[in-house]
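**Student:** Quick one, fold the following:
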Amino acid sequence: MNGKEQRVLAAGIERSAFESLAPVLRRDALEVDWVATPEAGVELAAKRKYDVILLDAEPVDWSLEKVVGNVRAGVSPSRNAAIMVL
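**Tutor:** Presented below is the predicted three-dimensional model:
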């Protein structure tokens, strides 16, 4: 990698699915965080810079468009993160 640790945020993905995925990501020296809801992910992404954000395809409270729009909004340090919808 480029000498700086890459960060991945998993938001709203089932905990069991995350537990299966996390070791693979960490094996590649990625820092990985998990939060239970996409809304919590938006809040965390507004505070920390993430390089990749993994989202559940069907958020419960907000639409997927609203989640993505909030991540991309304003001065969020994660606004340029790659977003993958699972």
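**Student:** What is the burial count for the nearest residue to Asp56 once chain neighbours are set aside?
**Tutor:** Distances taken as CB to CB, 6 or more residues apart in numbering place Gly12 nearest to Asp56, at 3.8 Å, with adjacent residues excluded. For every residue, glycine as well, the C-beta is placed using N, CA and C. By the criterion of other CB atoms under 10 Å, Gly12 has 25 neighbours.
**Student:** In this structure Gly12 contacts Ala57, no?
**Tutor:** No. Using CB atoms under 8 Å, Gly12 is not in contact with Ala57; the gap is 9.2 Å.
**Student:** any idea where the strands of this structure begin and end?
**Tutor:** 6-11, 30-35, 52-55, 82-85 (DSSP state E).
**Student:** Same list, the ones you listed, but as CSV with mean pLDDT please.
**Tutor:** Shown next, in CSV, are these (pLDDT from 0 to 100):
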stretch, mean pLDDT
strand 6-11, 92
strand 30-35, 90
strand 52-55, 94
strand 82-85, 93
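**Student:** could you dump the ones you listed to TSV with mean neighbour count and distance to Trp62?
**Tutor:** As requested, these are exported to TSV (neighbours: other CB atoms under 10 Å; distance: least, CB to CB, whole Å):
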stretch	mean neighbour count	distance to Trp62
strand 6-11	22	11
strand 30-35	18	13
strand 52-55	22	10
strand 82-85	13	13
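**Student:** can I get these in a markdown table with distance to Leu44?
**Tutor:** Output for these, formatted as a markdown table (distance: least, CB to CB, whole Å):
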| stretch | distance to Leu44 |
| --- | --- |
| strand 6-11 | 6 |
| strand 30-35 | 6 |
| strand 52-55 | 9 |
| strand 82-85 | 14 |
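**Student:** quick one: low-confidence ranges for this protein?
**Tutor:** 1-4 (pLDDT under 70).
**Student:** thinking Val71 is in contact with Val52, fair?
**Tutor:** No. Here Val71 does not reach Val52: they are 11.5 Å apart, not a contact under CB under 8 Å.
**Student:** which neighbours do the two share?
**Tutor:** Contact criterion CB atoms under 8 Å, 6 or more residues apart in numbering; residues shared by Val71 and Val52: Ala81, Ile83.
**Student:** Not counting stretch 28-40 itself, show me its contacts.
**Tutor:** 1, 5-13, 15, 18, 22, 25-26, 41, 44, 48, 50, 55-56, 59-62, 64, 67.
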